[in-house]
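1. quick one: sequence plus predicted model below, questions after.
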Amino acid sequence: MGAAETSTGRCLCGAVQFELSAPPVMTLACHCTGCRRLTGSAYSVTGVYAKSAFAVTEGETVIGALHGEVRHHYCDRCKSWLFTQPPGAEVVNVRTTMLDDPPAAPPFVEIYTSRAFAWALIGAPHSYEEFPSPEAFPQLAAEFGARGD
């Protein structure tokens, strides 16, 4: 996606739609137990976007999952998990599977590999047994951006 392009996404039923006006800062796969249970799969796949580049364009979301500090946004009608807003962060983690035209490149970072099913590891360029330290993210984002995917 170029600087002038936009990307769109939606829930399963289409009641909630969103738009992204910039490329992701990074992409990742999460193998934590919470993501596995929320997706009903072996891991979740996420694009991390600047909060300023994200907008819900149709419908409204409801908060689901644990209702804690991390806000997981869902469609109230079809219950699709659309995006997550980490507390105090200027990013939105959008479920890659909700994009109308998902990226072809595999996730760049893989986290919580210590909890992964052995057969589900994807071999991302960067892999962490747990959640990476906050200090790791600027370098990861810079390397991801330099790739030009």
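-> Thanks, I have the structure now. As the structure is a computational prediction, the values presented were derived from the model and not from experiment. Residues are numbered from 1 along each chain as shown.
2. quick one, longest helix in the chain?
-> helix 136-147 (DSSP state H).
3. so residue 114: helix, strand or coil?
-> For residue 114, the secondary-structure state derived from DSSP: H, G, I helix; E, B strand; the rest coil is helix.
4. so how many other residues sit close to it?
-> Around residue 114 sit 10 other residues, with neighbours defined as other C-beta atoms under 10 Å. Backbone N, C-alpha and C define where each C-beta goes, glycine included.
5. give me the three-state assignment for the residue minimising distance to the centre of the chain.
-> In the chain, the residue lying closest to the centroid (C-alpha atoms, centre = their mean) is residue 46, at 2.2 Å. For residue 46, the secondary structure call by three-state DSSP comes out as strand.
6. what about it, distance to residue 119?
-> Applying C-beta to C-beta, to the nearest Å, the value for residue 46 to residue 119 is 21 Å.
7. ok, which stretches of this structure are strands?
-> For the chain, the strands defined by DSSP state E cover 7-10, 17-20, 26-30, 44-50, 54-58, 61-64, 71-75, 81-85, 91-95, 109-111, 126-127.
8. for the record, mean pLDDT for the shortest one?
-> So that's strand 126-127. If you average the pLDDT over strand 126-127, you get 98.
9. shaky segments in the chain?
-> Applying pLDDT under 70 to the chain flags the ranges 1-4, 149.
10. follow-up on the earlier one: remind me what the longest helix of the chain packs against, helices and strands.
-> When contacts are defined as 3 or more C-beta pairs under 8 Å, 6 or more residues apart in numbering; DSSP states H and E, helix 136-147 sits against strand 26-30.
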